[in-house]
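Enquirer: Any chance you can model this:
(chains A and B, ligands or ions: 2)
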Amino acid sequence: MTEIKIALVGNPNVGKSTVFNRLTGLRQKVGNYPGITVEKKTGSFAHQQTRYHVIDLPGAYGIHPSSLDEEIVYDVLIDKTNPNHPELVVVIGDPFNLKRAVFLYQQIREMGLPAIFVVNMIDEAERSGTSIDVNKLEKALATKVVLTDARSGKGIDQLKAALAFKPNGYAPSFMIPEEFTAATQYVKERTGPSNEYIAWLYLSQKQNKHLDDSQAQEVANARQHHGLNYHRLQIQEALARHASLEKQLAGVVKDPAKKKQYVTERADSVLTHPFWGYVIFFALLLLIFQAIYTWSGPFMDAIDSAFAWLASSTAAWLPAGPINGLITDGIITGIGGIVIFIPQIAILFIFISLMEESGYMSRVVYLMDRWLRPFGLSGKSAVPLMSGAACAIPAVMSARTIENDKERLITILVTPFMTCSARLPIYIVIIGLVIPHEKVVGLDLQGLVLFGMYALGIIAALGSAWVLKQLMKSKYKSYLILEMPTYKYPVVRNVLLNVWDKTKGFVLGAGKIILAISIILWVLGSFGVSERFINAEEIVQTEKPGLSGEAFENEVQSQKLEYSFLGTMGRFIEPVIEPLGYDWKMGIGLISSFAAREVFVSTMATVYSLGGTDDELTIRERMAAEMNPNTGKPAYNFASGISLLLFYAFAMQCMSTIAIVRKETNSWKWTFIQLAFMTGIAYIAALVAYQLLK
Amino acid sequence: MSQHKSINHLQNGETATIVGYGSDEIPIKIYEMGLLPGVTLTKKQQLPFNGPVYLRIEDNPNAIALRKSEADLILIESLVKA
Ligand SMILES: Nc1nc2c(ncn2[C@@H]2O[C@H](COP(=O)(O)OP(=O)(O)OP(=O)(O)O)[C@@H](O)[C@H]2O)c(=O)[nH]1
Ligand SMILES: [Mg+2]
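Expert: Ligands and ions are numbered 1, 2, ... in the order given. Prediction:
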């Protein structure tokens, strides 16, 4: 079987990922928002004795990148040693922006890459009465043209067949102006690109990451010697190409004689209205919050009782002892503590997915730009901030579409303050323990506190953005040039698949960490080397001679835990966290939840079950009954509860986020600053709150 | 070029043709997105406090949003007298 690498390239939001999914059968995320794909994704399929390796790329308007996601496209296409460098490029366009797509197509062909052309969303063209003259277009492009409707799959078979096409006979349409030929000649001789246009690209790109230092130096020399400015060269090329495109594409697209007013236009007169647009946006946010908090109730109750039943029947079935505690309390209850949040997380993902699929997300960018600018952010930061309410990891990646480096960095640094779904398990449990179940002016007090936690996340994000803005400089001007696609009916299948993938990822990811941490905790909590651990029974007997039976067992267990490896660790950090109102057991929870916030509750369950023999209590009852040995008050009282809420609101307790921030900022310095900043604020806020309230 | 008006001079609902640019330091994206000389566009609305403007390009179902500072750089000739 022959193997061929192909790349899907095209303007943002034309349906590249949808075509990719059709070809490979994979489920790459799609959405009606320019900039859904920000990283290359690969897949493969076989057709007629050939295995095609397909790479789906982020959208780009041209070969000259404006943002990081677009850079990936140039890097893959220019660098012949890149493992994803394609042998055939499939350029995808949509019928309403054909010129733009052909613009990109020409650049790719002139780089010397073979390419075929796809006009996707042909169904929309048909609906509006627009038609495409395929023969004329094939002639103009000197290649095979395929019309597709990737949503329904129409034309995909023709596309597969067209991949065997060998394009040739392409005549460049951009002639390098004579005044620059000396410079391109120089670059061509010194750095060895295969043609003149590539030499021109070297000169007109801000960065050529694939060139080595001496080659890059030659390009810089050529620029300097001939007084060239890369930006001007880009503009020159864009204007020259567009000037000839009109003629080349004459008669290809036939617009309907009678134009109907677009539905989108009418919808936008309300949805992006200077007044009603904001009213609707905030009403939508309230609706989402309300839905997360109230709609999920019955589902959560059902899951709660199911896990309680599972834990108690497993406890009864297994022989009594520490392993029993590990499995029932640490693992089953811990995983139950995550599964119970599936309804809330799914509801959140459904809303975010609907906003992306319908095209509303771009309108949010438009509406929020003016209000985010004073904080050093751009309208485009609204997307990472909103998806940060689900999870910071994809949110941080989605900041790639922000062109300005300073705005992008600030967005990445503040996004983890947003209340992600991993904070919910802690918030709900702590709020349930320390906030009375009362009504205040007709509103549920616990719900209000939760709402306040969300608001606090937003305030922290914007406040720190504002601080960062004062401290940072940017070389580049910030701008907003945003395309807002037509509204589309969300494809229910896409939304559901997306919600399913995300929720599954959340549960499996958390489940794995919980499993691993429960086992580590259990091992650390069951062994020790100190005298008081090894001879716990005798020591308890001599120190508290009156104890017997269950009380004696309990005392031995808790002393063993205190002097186990785990207890030693907890007591080691106790001096640091005592002023925040926590005891050494909660300290263990803080340490283990550094891996991921959501393991705090399951950690506490494991720790408490190791320290006692009582298996009947649920996680919550156990937490409510726990006493802080230092203060003699309940471990989760009002003061320490508020202190914990604040700590988790601000602290960067998530290893995966740290890793992704490191990757996306490409800087240990900023990663470390963010970690220190967040943990610092968390500590101070928790300290002040506890000291004032205790 | 300063005798020309920019997009910011348009009233809501007013249509105009692009004739040039106020500077040559403008983002390449403006060109690549098709905001080119000869193109006809309509300003639909603008958000309060000098917020971004909402434009429609003739024959294109997608809308484009620009900040006031970018709109300033795009020079136009009004088709309908305001
Ligand atoms: N009507 C119609 N809609 C389509 C078609 N192909 C894709 N879409 C929709 O167009 C939107 C964009 O699709 P994507 O596949 O995410 O586009 P993309 O080119 O990968 O976008 P970026 O990754 O953001 O550059 C989604 O809402 C799709 O459901 C099509 O053939 N017809
Ligand atoms: Mg995509």
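Enquirer: Surely A:L211 and A:A220 touch.
Expert: No: in this structure A:L211 lies outside contact range of A:A220 using C-beta atoms under 8 Å: 10.2 Å. The C-beta positions use only the backbone N, C-alpha and C, and glycine is treated the same way.
Enquirer: So between the two, which is more surrounded?
Expert: A:L211 (18 against 11; other C-beta atoms under 10 Å in any protein chain shown).
Enquirer: and that one, what element?
Expert: Under the criterion of DSSP states H and E, A:L211 resides outside all helices and strands.
Enquirer: Assign A:I4 to helix, strand or coil.
Expert: Judged by DSSP: H, G, I helix; E, B strand; the rest coil, the three-state class of A:I4 is strand.
Enquirer: And A:I36, by the same measure?
Expert: Applying three-state DSSP to A:I36 yields a three-state assignment of coil.
Enquirer: ok, now which ones touch it?
Expert: A:N13, A:S17, A:K29, A:V30, A:E356 (C-beta atoms under 8 Å, 6 or more residues apart in numbering or on different chains).
Enquirer: Considering only these, which also neighbour ligand 2?
Expert: Applying C-beta under 5 Å from the ion to the contacts of A:I36, one finds that A:S17 fall near ligand 2.
Enquirer: Separate out the buried members of the contacts of A:I36.
Expert: By the neighbour-count criterion of 16 or more other C-beta atoms under 10 Å in any protein chain shown, those include these buried positions: A:N13, A:S17, A:K29, A:V30, A:E356.
Enquirer: Could I get those residues in a markdown table, plus columns for pLDDT and secondary structure?
Expert: Formatted as a markdown table, these follow (pLDDT from 0 to 100; DSSP: H, G, I helix; E, B strand; the rest coil):
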| residue | pLDDT | secondary structure |
| --- | --- | --- |
| A:N13 | 94 | coil |
| A:S17 | 94 | helix |
| A:K29 | 86 | coil |
| A:V30 | 88 | coil |
| A:E356 | 90 | helix |
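Enquirer: Among these, which one sits closest to ligand 2?
Expert: Checking the buried ones among the contacts of A:I36 against ligand 2 by C-beta to the ion gives A:S17 as the nearest, at 3.2 Å.
Enquirer: got the contact list for that closest one?
Expert: A:Q28, A:K29, A:V30, A:I36, A:T37, A:K41, A:D56.
Enquirer: same thing but at 7 Å, please
Expert: With contact set as C-beta atoms under 7 Å, 6 or more residues apart in numbering or on different chains, A:S17 has these partners: A:Q28, A:K29, A:V30, A:I36, A:T37, A:D56.
Enquirer: Could you report the separation of the residue with the largest distance to the centre of chain B from ligand 1?
Expert: For chain B, the residue at maximal distance from the C-alpha centroid (C-alpha atoms, centre = their mean) is B:F49, at 18.2 Å. Here B:F49 is placed at a distance of 30 Å from ligand 1 (C-beta to the nearest ligand atom, to the nearest Å).
Enquirer: So which residues of the stretch 351-500 of chain A form strands?
Expert: If you assign secondary structure with DSSP state E, counting those that start in this stretch, the strands in the stretch 351-500 of chain A sit at A:439-440, A:443-444, A:481-484.
Enquirer: which of those strands sits most buried?
Expert: strand A:481-484 (a mean of 24; mean count of other C-beta atoms under 10 Å in any protein chain shown).
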